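Visitor: only geometry, no sequence info:
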Ligand SMILES: Nc1ncnc2c1ncn2[C@@H]1O[C@H](COP(=O)(O)OP(=O)(O)O)[C@@H](O)[C@H]1O
Ligand SMILES: Nc1ncnc2c1ncn2[C@@H]1O[C@H](COP(=O)(O)OP(=O)(O)O)[C@@H](O)[C@H]1O
Ligand SMILES: [Mg+2]
Ligand SMILES: [Mg+2]
Ligand SMILES: [Mg+2]
Ligand SMILES: [Mg+2]
């Protein structure tokens, strides 16, 4: 295992110490239990946005705490959902009287822990709504299973709902908007290499030198199929066609295209992927009007990428463009 | 070789097509020869800032073209200095009548190609000054050698000089400022893994599973020494102590600390490094007043990091804080 | 079992017995951390052993600190709360709920009869199902717990000694655990794999077997009398 | 050499000869791309073979397109300009300058005597030194070029045939190339390695040897008369 760390068991705490030292202007970090809170929280009268999940996906979620995006993030151990006490602390810290939205990625662990937290927050009379993001088309959906995973759309939902909350919209509306983003976003990812969970010390899965895994999750969960390495244009087809056909995205649609790096893949490759994606979408009459390219929802040092498409309308576009000031995403009006 | 590419020989062109499609609001891309130019270039009366170098270091330099930073970037083939005709085209495209500054990283190839370009630009009556960045303390400096390499300080110089040019300062002043940044910045890097040049198809160097290379360049050039893998805190010491002692940085100094990812190292590890760096500098009475953490000057998919420290004064701090709007660095006032 | 051994048969569990079981489970989790993690790597995200071990170490610190003041219900609730706040993932809420509900079922008691134990287990499992919505055959910890519970109840109802009933319970859990191998997961992270989840043993069922095995081994020894 | 062979000895180079040399260099670079890249990986950034190959392919396209209209000086300048604008790195300006300065030295000529060739090489090398500031012993292409130039001039001055002089030139360049192995680099990317650059052959000296070797081989054959 080759990592820039000290002891595996200290990675998350030391990362948070680093974040606390680097971004004191944006966030406060609470250490027991771990919570990253917007520096000026709670913002009175504003809906509080809380998300969280296992660590190892940086900058998500801690890097998205700040004006225009999240009010708090709960970082779990690496790839392990955080616990209800973290979420309860976060919820209390960001409650400015207008209620709190939990943005939850659809993993059994995340869902159950956020449920327990919401029950506890209810006990303290804080109004909480939860929206579950489940946008990963690599997973077959069914009433009888855990359903689809939450992946790339989470980042977009956090940005867009963050902007809406900043405008002072009420909890029910922000929650509806979050469901709308989820309903219009679809993702799929792939890996060229496995990642290594620090505490495990060895790769979660083995891939041959000429193999890749399509439909991978963000925790090194195995994907839909393993296949021979292929050129970028074929990889884009393997990812984007299921996405496009699932919603479906249709000729005339305007989309936000999010090409995400898994952590070990450099930007130069993401632009090659983006280039192939523009060609594929062009061929189907779908227009990219906004884009996001870079490592935003990662899987430790995994090499690979994911593609997320979000169907845009004027409202979503306007909220996407609204100012945001976080360590991970930052722009002005 | 596991990369998200099509043909190795097309990587740079396809990357640039991706950049052109993604960032048309910020830049124009010219393909023959390759030049990335600020969308509104030339800005009349403003000093034009041109940099360039081999590709494979993204977002540097193309991702730093835009208001408040570079006016143009010349991307060479992967890890290969661009050619004088690229630089000449860039220089002509950004010349708004106030002259053009070439920010050159100190590599024999970059220096010679920029020299030839400046000779050619002189022939077309464009006033050009060149500043060479040579901040890498891993390399022994001497009058008789090629001198130190240009690494992390380049990013900081481009940002700071970009802000000064935006204020309308004359060429000589912007060039002096660039020399000042170079004089006050020091860097050193390390690698956990090699990178693979697409056209070569195999790792530039081999590192054992328990080895790392200290003092590495950004092109997979071998470093100062190869040693056994060590904890993050020791790695920080190996990098930061030579930096601190070289300038030297002294108790009471205020610095910008730049923890850079080499391309294959995820953010979580960079924050662990940053945390150890804050402790080391604290112990020496040096205060970090600004920071930059992330993959900004990369080496393809190499895993590893570099540390750059820049001694700040009020002028440098103010110019660092000034607005910038590029694909790679973006913030408002 | 011979008449002469009747005297040494365990008829109830005290605070100390329950504590010994919890410690034994902790030891088992420690010893099998690697295997649990391997199993989870095959169909999940490779952290089940790490998570459970982190949780059980915290539990042991906690129950040591709490001393013997607590009744058994409170002790089990402490275990549950500690797991909830230290394990995370799916395992945290599920094992946390298991212990919390067991604790609720025996609230205030300082001694548990075999039937109390069976009732506690039943309540705990009901809690796991309420929280996780898994049915038998979904390839989860439920597939070890339910056979374990059913075997325990059947054995006690059939007049078996507590020791025998615990052994049958653990064995049935072991069988349930092995029976998860061919199943296609419908709950938890393994469900993302669809058909590819078949052929692997469920990590949660494996840790649940360890839990019931720890009970059989800890309490299966003749009671120390005197 | 026997009197009878005198007649077939080459006394001058035409446009076509120079073109054949350029093509031969291109072929050598192609064939040794891998080795050049390996050598550069050891002490530099592993692109010397790739860069030179990209440049020489562009050169071949360019000189084919240019046809035979050009005089030799113009031909060499075209090669130089093409290398400057396609190779990049250190190799681009250095090899570009080499050919540009050679072209300047023989501007307007349609035929080169052995002495013209020696003068062109001398001018080219002077250009490389003006651009790169390398001295002999710095572990660069200069360490192959200068012995090659000196051997050529000495042989011609000593009355050797052009063929023999070219062979001696190429052999001296080869020796110079091998002599770079123990050197500690003082110029170029290898200088960053300091002492660690010793023990490796310089990639640029290797490609420069190929250049002079291509001349010896292309022009060393008895001239086709008739
Ligand atoms: N809905 C559920 N009901 C019951 N058990 C479940 C459920 N989902 C997952 N599990 C159990 O949890 C185990 C995985 O636990 P763990 O690895 O700790 O959590 P995570 O999947 O969040 O990493 C699975 O092997 C399975 O037995
Ligand atoms: N200043 C110099 N003068 C002469 N030759 C040089 C100089 N610097 C480098 N070289 C030559 O260039 C070669 C490397 O070329 P190349 O790999 O194409 O460039 P880069 O180092 O930019 O990747 C070296 O092996 C050396 O022979
Ligand atoms: Mg997990
Ligand atoms: Mg190079
Ligand atoms: Mg797991
Ligand atoms: Mg090279």
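Guide: Cool, got the structure. Note that the structure is predicted; figures quoted are calculated from it, not measured. Ligands and ions are numbered 1, 2, ... in the order given.

Visitor: right, is the helix or strand encompassing residue C:150 up against ligand 1?
Guide: Assessed by DSSP states H and E, residue C:150 sits inside helix C:142-157. Yes: legend: contact between helix C:142-157 and ligand 1 by C-beta under 6 Å from any ligand atom is shown at residue C:142. C-beta coordinates here come from the backbone N, C-alpha and C atoms, glycine included.

Visitor: quick check: buried residues in that helix?
Guide: Neighbour counts over helix C:142-157 (16 or more other C-beta atoms under 10 Å in any protein chain shown) mark C:142-153, C:155-156 as buried.

Visitor: likewise stretch C:39-59?
Guide: So, applying 16+ other C-beta under 10 Å, buried residues of stretch C:39-59: C:39-56, C:58-59.

Visitor: low pLDDT regions in chain C?
Guide: C:1-9, C:221-226 (pLDDT under 70).

Visitor: how about the residues of it by chain B?
Guide: Taking C-beta under 8 Å from any C-beta of the partner chain as the criterion, chain B has no neighbours within chain C.

Visitor: and after the longest helix belonging to chain C, which helix or strand comes next?
Guide: Longest helix in chain C by number of residues (criterion: DSSP state H): helix C:15-43. Next along the chain after helix C:15-43, taking DSSP H and E as the criterion, comes helix C:48-66.

Visitor: contacts for that following helix, please.
Guide: For helix C:48-66, contacts defined as C-beta atoms under 8 Å, 6 or more residues apart in numbering or on different chains pick out A:77, A:80, A:197, A:199-200, C:19, C:22-23, C:25-26, C:29-30, C:32-40, C:75, C:78-79, C:82-83, C:86-89, C:91-92, C:95, C:203-204, C:207.

Visitor: list only buried entries from the residues you listed.
Guide: Using 16+ other C-beta under 10 Å, the buried members of the contacts of helix C:48-66 are A:77, A:80, A:197, A:199-200, C:19, C:22-23, C:25-26, C:29, C:32-33, C:35-40, C:75, C:78-79, C:82-83, C:86-89, C:91-92, C:95, C:203-204, C:207.

Visitor: element containing whichever residue of the stretch 101-250 of chain A sits closest to ligand 1?
Guide: Using C-beta to the nearest ligand atom, the closest approach of the stretch 101-250 of chain A to ligand 1 is made by residue A:109 at 3.1 Å. Assigned by DSSP H and E, residue A:109 falls within helix A:108-123.

Visitor: before we move on, the earlier item: contacts for the helix holding residue C:150?
Guide: C:98, C:114-115, C:117-118, C:121-122, C:125, C:128-129, C:132, C:134-137, C:162, C:164-166, C:168-177, C:179-180, C:183, C:202, C:204-206, C:208-209, C:212.

Visitor: out of these, which sit inside helices?
Guide: Per DSSP H, those map to helices at C:98, C:114-115, C:117-118, C:121-122, C:125, C:128-129, C:132, C:162, C:164-166, C:168-177, C:179, C:204-206, C:208-209, C:212.

Visitor: make a PyMOL selection of whichever of those turn out to be buried.
Guide: Restricted to buried positions by 16+ other C-beta under 10 Å, the PyMOL selection for the ones in helices among the contacts of helix C:142-157 reads:
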select buried, chain C and resi 98+114+117+118+121+122+125+128+129+132+162+164+165+166+168+169+170+171+172+173+174+176+177+179+204+205+206+208+209+212
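
Visitor: what is the longest helix of chain C packed up against?
Guide: Judged by 3 or more C-beta pairs under 8 Å, 6 or more residues apart in numbering or on different chains; DSSP states H and E, the packing partners of helix C:15-43 are helix C:48-66, helix C:72-86, helix C:203-220.

Visitor: so who does the nearest residue to residue C:24 once chain neighbours are set aside touch?
Guide: Of all residues beyond its chain neighbours, the one nearest residue C:24 is residue C:214 (4.0 Å), with distances taken as C-beta to C-beta, 6 or more residues apart in numbering or on different chains. Shown in contact with residue C:214 (C-beta under 8 Å, 6+ apart): C:21, C:24, C:25, C:27, C:28.

Visitor: so the second one touches residue C:219, yeah?
Guide: This points to residue C:24. No: using C-beta atoms under 8 Å, residue C:24 is not in contact with residue C:219; the gap is 9.4 Å.

Visitor: these two - which one has more neighbours?
Guide: residue C:219 (22 against 19; other C-beta atoms under 10 Å in any protein chain shown).

Visitor: just the helices in chain A please.
Guide: A:11-22, A:84-94, A:108-123, A:153-166, A:171-184, A:232-246, A:267-283, A:314-321.

Visitor: most packed of those helices?
Guide: helix A:153-166 (a mean of 27; mean count of other C-beta atoms under 10 Å in any protein chain shown).

Visitor: any idea how far residue C:183 is from the residue minimising distance to the centre of chain C?
Guide: What sits nearest the mean C-alpha location of chain C, by C-alpha atoms, centre = their mean, is residue C:211, with 3.4 Å. In this view, residue C:211 and residue C:183 are 20 Å apart by C-beta to C-beta, to the nearest Å.
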